[in-house]
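[1] the amino acid sequence is not available; the structure is as follows:
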């Protein structure tokens, strides 16, 4: 039996133990956005640290310092750096994953306790973090367990970078990555040939994909002020200029109902798709039924599924998120809020940059505000966070290895596509290490990451474990991959827009 | 010394005791909107009950039952009914006031503890409820104390109706008033000749007023739905019709920045002011400086102070209050909310009625929604509460008595004006008892009711005590007032709009 067959056999024989691993991970409430659960987040780090060590990974927990929450200093959970294997004749793969999860309460609409992994009669494992991102990390640990138990040599050297703040802005991670990359041979990222991230999902529930592009993001807040304090709408309604009225006027002029962004110049440099690019989207395995079941209704901006995919992957978007400072509860308070802040964000595609979009949004809002003829004050327009879009060459050896692994495990070639979301760490790794970065998902498009009743199918968990392991063997066998220390580590050119 | 001089002398001699009374009242945290403070609200009721009884008022605490808060049954605080005097040769005055207050926390921006009455070097008494409405109720108790201490006969029979839920919708009060009124001779409202309410304020900080009109109110919620659950804006931005975009489009078409309401037909029946009515507004003592200092800036819809006053008192208004279901906190969550509810309210003037406005608002929103060409769903437009506007004849004997009392105490005639706010109990008393209802304020326009650093000037507290007492003497001496049981208790005609 070849080593890879040995590995695959072990996986088939150990499903129940692998599920127990995920059950144990889900049970720890590692909600990074809830300060009161911060000790659980660190417990989760310690737990994964123990898992890695038990299979021979040399690890180090990195203190990321403090964050400021509500004016108080809150200790960040540690990140984990790890290494196993140092064979100069093998390639080196850096694996990224995150151990923290989104908040979840049964009362949010979960059918089962979100922190108790619960398997239904369709072999779906429900639980917070099952697919995002504890399932994929556990799949990596499964791969380590199989090789350790079978005393198989890993086909590559592995490096790990696991964080526990991904759902809360990856506080401290960019610094860690850049510092560690700068250490070169002396750090954990020594001689890394490629990065593999499994923190995304298939487009649908049947066809594997690999992802070669992500939209960037630019989050804005616009603040309008007027009275010195909140005013009684009985005494002052129809007497004063109301900041809420002005804010609604501005925000209703940012984006049309059909998704077209009204900010001037925002589409600059983004060309219409060529017939060749259109063909790429037409070839993706995605139907209107996939779309409708994912969003829960017939609410698409187009009746053409390729147009919907392009709307998600290769065009920018602008979504209105809410208002701070106004009434937002069940009450019928009749106040004229003194100062209100509108919140919205754009998703960006090349060649858009947060810096350029920030200028255009500010200029546009100031122009709209000046048409309002109001005595309210445009207090500020702030971009609170920005992340670059990312797109890479999907023809390199790492993607080829992923294609081959997917064919072996699932019997089909994966679709190659871009994604509408943003994973800023992708670009950080790409810029810091200048090696191929691949997004290779474990879960499906209907897993409901971030939502209630998040799940991971047992078939995807087991298939994902095989896929990630097989990918390592394909990387090792890769004929087109350069050996480490080869002078190939220049920055990859951004993939030109078709 | 005449009885009234005796009364006034006692007031002058007992300022410190009167302030102690208000201090004791302010110290009880009778916040009706905070379920956890409900015991304090009932303590406040017991305290005022004790005050009334100690000066000879026969009282009864009325159980108003329960309210539903967050799905739980919460006991309502009792109301107090009271009576003192039963002389068929005297007129009978019914006094209304409320013992509960708005929420207040020092961290909201108070300079002093809101529940510790604190007097500054300008003789201003700061504390929650100082002017709204504990100060005025205490002033009534001061009047009782003075007559009791000096063994003076009250010039009229007095009846009391004090509630402790005014700041939370006066739950249960309409029922109580209507039931008590229906008891006729057997109830606490027997032979009432007029109602006096002190729960409003001077327009400015120098000129007393009486109030003869209030705007009504109609509170609306409009709900737009789309996806089955909240969606990730990265994956679905520029793919689906977003309920937030549609809601902003609708709400931005309800009212213009200059206050003009865009709902069709909403101004129907409201005529422009005649020169005579305009003269009334021009004659009110109110300056642009009064306005600017009240709202904290130069944010008026007009440079003409009479236009501002008419905007407040005799025209309707529409204010946007907020959105439920969207992001409203400090975070930068990038979600497409599945279902969002916009909240707004109109203030109404005769001949507008909540019922008619409800129809017009629903028709208009449906029409605007149909222009949006969206696949979102207009789930509902609901009027969650409505109150009629109120306006009365300000030439009757009760207003004349208030004029005379004001002249005696403050040396000037009060301005007569309408107010922009809504006190629904006013119309309830008017409809149930069919006698003159007068609003006779104690506090000033700069007292900051409902706001941080609410205050009552000692001069207004002492002047208000004298004013309310003197008003009773003027009612007693009123030549134009009919004796009780006279057949004058038909419903007063609404004051025709000029």
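    Nice, thanks for sending it over. This structure is a prediction, so every number in the text was calculated from the model and none was measured.
[2] quick one: residues contacting residue A:47.
    Residue A:47 sits next to A:24, A:25, A:28 when contact means C-beta atoms under 8 Å, 6 or more residues apart in numbering or on different chains. Any C-beta I mention is one placed from the backbone N, CA and C, and that applies to glycine too.
[3] surely the second one and residue A:128 touch.
    No. No contact is recorded between residue A:25 and residue A:128 when judged using C-beta atoms under 8 Å, the distance being 10.3 Å.
[4] distance between the ends of stretch A:213-229?
    Stretch A:213-229 has its terminal residues 46 Å apart, counting by C-alpha to C-alpha, to the nearest Å.
[5] now do stretch A:305-325
    OK, stretch A:305-325 end separation, C-alpha to C-alpha: 39 Å.
[6] so, low pLDDT: which residues of chain A?
    Residues of chain A meeting the criterion pLDDT under 70: A:480-498.
[7] what is the residue lying closest to residue A:37 once chain neighbours are set aside paired to in the beta sheet?
    Once flanking residues are discounted, residue A:37 sits nearest to residue A:31: 4.6 Å by C-beta to C-beta, 6 or more residues apart in numbering or on different chains. Residues in a beta bridge with residue A:31, per DSSP bridges, are residue A:101.
[8] how close does residue A:31 get to residue A:302?
    Remark: distance between residue A:31 and residue A:302 (C-beta to C-beta, to the nearest Å) = 36 Å.
[9] and what of residue A:50?
    Taking C-beta to C-beta as the measure, residue A:50 falls 49 Å from residue A:302.
[10] which of the two has more neighbours?
    Neighbour count, other C-beta atoms under 10 Å in any protein chain shown: between residue A:50 and residue A:302, residue A:302 has more, with 16 against 10.
[11] what kind of secondary structure is the more buried one in?
    Secondary structure, DSSP: H, G, I helix; E, B strand; the rest coil: residue A:302 is coil.
[12] residues near residue A:116, how many?
    Counted with other C-beta under 10 Å, residue A:116 comes out at 13.
[13] I'd assumed it was in a helix, is it?
    No. Counting by three-state DSSP, residue A:116 is not found in a helix; it is coil.
[14] now do the contacts for it.
    So residue A:116 contacts A:26, A:27, A:127 (C-beta under 8 Å, 6+ apart).
[15] which one of those residues is nearest to chain B?
    Nearest to chain B out of the contacts of residue A:116 is residue A:127 (C-beta to the nearest C-beta; 17.2 Å).
[16] circling back to that earlier point, and the gap between the residue nearest to residue A:37 and residue A:225?
    Going from residue A:31 to residue A:225 by C-beta to C-beta gives 34 Å.
[17] looking at these two, which is more packed in?
    residue A:31 (25 against 20).
[18] hang on, isn't residue A:248 packed against residue B:250?
    No. Taking C-beta under 8 Å as the definition, residue A:248 is not a contact partner of residue B:250, at 9.4 Å.
[19] who has more neighbours, these two?
    Neighbour count, other C-beta under 10 Å: between residue A:248 and residue B:250, residue A:248 has more, with 29 against 23.
[20] now the stretch 351-498 of chain A against chain B: closest residue?
    For the stretch 351-498 of chain A, C-beta to the nearest C-beta, closest residue to chain B: residue A:421, 3.0 Å.
[21] now that residue, what's its secondary structure?
    Secondary structure state of residue A:421, per three-state DSSP, is coil.
[22] tally of neighbours for it?
    Neighbours of residue A:421 under the rule other C-beta under 10 Å: 22.
[23] outside of stretch A:13-27, which residues touch it?
    Stretch A:13-27 has contacts (C-beta under 8 Å, 6+ apart) with A:11, A:44, A:47-48, A:51, A:99, A:115-117, A:119, A:125, A:127-130, A:134-135, A:137-138, A:141-142, A:145-146, A:456, A:458, A:461-462, A:465.
[24] now do it: distance to the chain's middle.
    Its chain's C-alpha centre and that of stretch A:13-27 lie 24 Å apart, by C-alpha atoms, centre = their mean, to the nearest Å.
[25] next one: stretch A:368-378
    Put simply, stretch A:368-378 sits 37 Å off its chain's centre (C-alpha atoms, centre = their mean).
[26] does it reach chain B?
    Yes. Using C-beta under 8 Å from any C-beta of the partner chain, stretch A:368-378 comes into contact with chain B via A:372, A:373, A:374, A:375, A:376.
[27] which stretches of chain A form helices?
    Along chain A, the segments classed as helices by DSSP state H run A:3-13, A:15-27, A:38-54, A:134-149, A:173-182, A:233-236, A:243-251, A:275-283, A:288-295, A:305-313, A:354-371, A:397-410, A:424-433, A:458-477.
[28] and stretch A:47-60, end to end?
    Start-to-end span of stretch A:47-60 (C-alpha to C-alpha) is 13 Å.
[29] from the chain's centroid, how far away is that stretch?
    24 Å.
[30] and what of stretch A:367-379?
    Distance, centroid of stretch A:367-379 to centroid of chain: 37 Å (C-alpha atoms, centre = their mean).
[31] ok, residues contacting stretch A:247-267?
    Contacts of stretch A:247-267 (C-beta under 8 Å, 6+ apart): A:222, A:224, A:301, A:311, A:316-320, A:323, A:340, A:342, A:344, A:346, A:352, A:357, A:360-361, A:363-365, A:367-369, A:372, B:237-239, B:241, B:245-246, B:248-249, B:251-252, B:257, B:320, B:372-374.
[32] mind giving me the ChimeraX select for those residues, buried ones only?
    Those of the contacts of stretch A:247-267 that count as buried under 16 or more other C-beta atoms under 10 Å in any protein chain shown are selected in ChimeraX with:
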select /A:222,224,301,311,316,317,318,319,320,323,340,342,344,346,352,357,360,361,364,365,368,369,372 /B:237,238,239,241,245,246,248,249,251,252,257,320,372,374
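[33] gap between residue A:289 and chain B?
    14 Å (C-beta to the nearest C-beta, to the nearest Å).
[34] that residue: neighbour count?
    Neighbour number of residue A:289 under other C-beta under 10 Å is 10.
[35] what of residue A:121?
    Other residues lying near residue A:121 total 5 when counted by other C-beta under 10 Å.
[36] show me chain A divided up by domain.
    Following automatic domain parsing, chain A resolves into domains at A:3-213+A:389-477, A:216-270+A:315-379.
[37] would you list these in TSV and tack on distance to residue B:164?
    Compiled in TSV, the domains of chain A are given as follows (distance: least, C-beta to C-beta, whole Å):
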stretch	distance to residue B:164
domain A:3-213+A:389-477	32
domain A:216-270+A:315-379	18
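[38] residue A:358 - nearest residue in space that isn't next to it in sequence?
    Computed as C-beta to C-beta, 6+ apart, the closest residue to residue A:358 that is not its neighbour in sequence is residue A:383, at 4.3 Å.
[39] and what of residue A:240?
    Residue A:240 sits nearest to residue B:299 (C-beta to C-beta, 6+ apart), 4.7 Å away.
[40] got it, and residue A:415?
    Per C-beta to C-beta, 6+ apart, closest to residue A:415 is residue A:209, 4.5 Å.
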